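Novice: sequence and predicted model, in that order:
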Amino acid sequence: MIANLNKQAFAPFGSILRDSLPNRGFPKADGYVETVRYFTAGETFFMRSNEAVYLDFEYGMTVLAVRNCEKICCFYLDKPICLNPNVEFSIVPYQEECSVRLSLPKHAALTTLERLESIEELKIHDRFLLGSIYTLFYHEEESGFLFKGEKHSTYELTYVDRGQLHCVVDGNGYLLKQGQLMIFAPNQWHMQYTDLDVSVRFLTVSFDLESSSEIRLSDRVFELSSAEAVFLKQLLREIEVDDLLSSDFIRCYLKMLLLTILRDTHGRKKRLKTPVAIRNENTIVSRTLQYIADHVYDKLSVDIVAKGTGVSASHLTALFHRQMNISPGEYIRRVKLEESKMLIREGRMNFSQIAAALNYSTIHHFSRQFKDNFGISPSEYAKSIHAE
C-alpha cells in the first residue's frame with residue numbers, strides 16, 4: 001500500500017521541506033538546475049544522484065518509489081522533499097501521467113538505472129470479488145422436507161435459522177444446526193432434507209464469486225460468531241425493507257459475511273482431510289442419490305438402485321446409514337412423495353394417475369404413505385393449495 005509522506009517514515013531517505021518557505025524550500029542558488037520532468041505509465045526507471053535531489057509534485061497523482069538495500073518503499077508525493085545523495089528513486093504516475101519539479105546541482109550526475117516494474121499491487125484492489133446474486137430465499141419447511149438435489153455453476157450459501165437440516169454434498173452428509181452455515185462450491189452436487197419430526201427455517205443465497213485466496217469455503221460447517229450473525233440479520237432485514245438501496249446493502253452484508261468467515265478460517269475452521277476410502281464412499285452415495293433423482297418415475301427398490309449404481313444392497317444400506325442417517329428405502333420413499341407433491345401442484349393428473357406414474361402398487365398404498373409422511377392426505381394437500 002502507498003505510504004503517507006511524513007517526517008518519521010521518510011527519514012531514512014531524506015527530509016520533507018516546508019512548503020511555506022520561498023520557492024517551497026528549493027535552493028535558489030545559481031549553482032542549481034531546476035527542471036519540470038514528465039512521466040507516463042509504463043515508462044518509469046530508477047535514478048540516482050551523487051548529490052541531494054529536490055523534488056516537488058507539479059501535475060497528476062504522483063508516487064515516489066525509493067530503494068534501500070533492495071527494499072522498495074512507495075510514498076504519495078504531495079510535499080516538497082530533499083532526497084539524500086545516492087538514494088535510488090523513481091517517479092511513478094499513479095494513473096496515466098504526472099510531472100514533477102526537480103532541482104539538483106549543475107555538477108551533479110543523475111544516472112538512469114533499471115526499469116521499475118508495475119506498482120499495481122500497491123493499489124487497493126478487491127481480492128474477493130462478489131459477482132451477481134441470483135437467488136435469495138428464506139425457506140420455512142415442515143417436518144419431512146426433502147430437496148432431491150442439484151448442481152449449478154454458482155456458489156450457494158445455506159444458513160439454518162431454526163431447527164436442523166441434513167445436507168449431503170458430493171455424497172458426504174452434514175447436519176446443520178441452528179446458527180450454522182455451509183457454502184456449496186460451483187458444480188458441487190448437493191441435496192437437503194429434515195428428519196420426519198423436525199421442521200426447519202433456513203436461508204439460501206446463490207451467487208458468483210472470484211477470489212485470489214487459496215482458502216476454500218466449501219466442505220465445512222461454520223458456527224457463526226456474533227459478529228458474523230449480525231451481517232446475516234442485516235441482510236434479512238434488507239429483504240423486508242426492499243427500497244432503492246436494498247440490493248446494494250444486501251451485496252455489502254453478504255460480502256462482509258463471506259470475508260469475515262474467510263478470515264476466521266485461518267484460525268479456527270480447518271478443513272479436514274478426507275481419507276481415500278471415505279472419498280470413495282462419498283462418490284457411491286452421490287452417484288446413488290443422482291440415480292434415484294433421475295429414475296424417480298421408475299420402479300425402485302434398494303436392490304434395483306444398488307444394481308444400478310454397481311454396489312451390493314447391504315453395502316449401500318450401510319453407507320446410507322453412516323453418511324446420511326437414513327436408509328436407502330426411506331430415502332426412495334421420500335423422493336417419490338416429494339415428486340408427487342409437485343405433480344399435485346401442477347394439477348394435470350388425478351391421484352390414480354400420479355400413483356401409477358410413480359410406480360406405486362395401488363393408489364391406496366400411495367395415499368397411505370403420503371399421509372404418514374406429511375400428516376395429511378393427498379386430497380387435503382390439494383385443497384390446501386387451492387385455498388392459498
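Specialist: Right, received. Where do you want to start?

Novice: tell me the SS of residue 149?
Specialist: strand (DSSP: H, G, I helix; E, B strand; the rest coil).

Novice: helix or strand right after the helix or strand that contains residue 340?
Specialist: In the assignment (DSSP states H and E), residue 340 maps to helix 328-346. Note on helix 328-346: by DSSP H and E, the next helix or strand toward the C-terminus is helix 351-357.

Novice: what's the neighbour count on the residue nearest to residue 288 when sequence neighbours are not counted?
Specialist: Spatial nearest neighbour of residue 288, chain neighbours left out: residue 309 (4.8 Å); criterion: CB to CB, 6 or more residues apart in numbering. All C-beta atoms are positioned from the backbone trio N, CA, C, and that covers glycine. Residue 309: 19 surrounding residues under other CB atoms under 10 Å.

Novice: restrict the helix holding residue 340 to CA atoms and write it as CSV.
Specialist: Presented in CSV, the C-alpha positions along helix 328-346 are these (Å, rounded to 0.1, in the frame of the first residue of the first chain):
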residue,chain,number,x,y,z
PRO,A,328,-32.0,-46.0,1.2
GLY,A,329,-35.5,-47.4,1.2
GLU,A,330,-36.8,-44.5,3.3
TYR,A,331,-34.9,-42.1,1.0
ILE,A,332,-36.5,-43.6,-2.1
ARG,A,333,-39.9,-43.2,-0.5
ARG,A,334,-39.4,-39.6,0.4
VAL,A,335,-38.1,-38.6,-3.1
LYS,A,336,-41.2,-40.2,-4.7
LEU,A,337,-43.5,-38.4,-2.2
GLU,A,338,-41.8,-35.0,-2.9
GLU,A,339,-42.3,-35.6,-6.6
SER,A,340,-46.0,-36.4,-6.0
LYS,A,341,-46.4,-33.1,-4.3
MET,A,342,-45.1,-31.3,-7.4
LEU,A,343,-47.5,-33.3,-9.6
ILE,A,344,-50.4,-32.4,-7.4
ARG,A,345,-49.5,-28.7,-7.6
GLU,A,346,-49.3,-28.9,-11.4
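
Novice: elements contacting it?
Specialist: Packed against helix 328-346 by the contact rule (3 or more CB pairs under 8 Å, 6 or more residues apart in numbering; DSSP states H and E) you find strand 146-150, helix 276-294, helix 302-309, helix 313-324, helix 351-357, helix 363-374, helix 378-387.

Novice: of all these, which lies closest to residue 112?
Specialist: Ranking these by proximity to residue 112 (CB to CB) places helix 276-294 first, at 57.8 Å.

Novice: what is the mean pLDDT for the closest one?
Specialist: Throughout helix 276-294, pLDDT has a mean value of 82.

Novice: so how far is it off the chain centroid?
Specialist: 26 Å (CA atoms, centre = their mean, to the nearest Å).

Novice: now it - C-alpha only, PDB.
Specialist: In PDB, the C-alpha atoms belonging to helix 276-294 read as follows (Å, rounded to 0.1, in the frame of the first residue of the first chain):
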ATOM      1  CA  VAL A 276      -9.400 -42.100   0.100                       C
ATOM      2  CA  ALA A 277     -11.700 -44.800   1.400                       C
ATOM      3  CA  ILE A 278     -14.200 -42.200   2.600                       C
ATOM      4  CA  ARG A 279     -14.000 -40.200  -0.600                       C
ATOM      5  CA  ASN A 280     -14.900 -43.400  -2.500                       C
ATOM      6  CA  GLU A 281     -17.800 -44.000  -0.200                       C
ATOM      7  CA  ASN A 282     -19.000 -40.400  -0.800                       C
ATOM      8  CA  THR A 283     -18.800 -41.000  -4.500                       C
ATOM      9  CA  ILE A 284     -21.000 -44.000  -4.200                       C
ATOM     10  CA  VAL A 285     -23.600 -42.100  -2.100                       C
ATOM     11  CA  SER A 286     -23.600 -39.200  -4.500                       C
ATOM     12  CA  ARG A 287     -24.000 -41.400  -7.500                       C
ATOM     13  CA  THR A 288     -26.900 -43.200  -5.800                       C
ATOM     14  CA  LEU A 289     -28.700 -40.000  -5.000                       C
ATOM     15  CA  GLN A 290     -28.400 -38.800  -8.500                       C
ATOM     16  CA  TYR A 291     -29.600 -42.200  -9.800                       C
ATOM     17  CA  ILE A 292     -32.700 -42.100  -7.600                       C
ATOM     18  CA  ALA A 293     -33.400 -38.500  -8.800                       C
ATOM     19  CA  ASP A 294     -33.100 -39.500 -12.400                       C
END
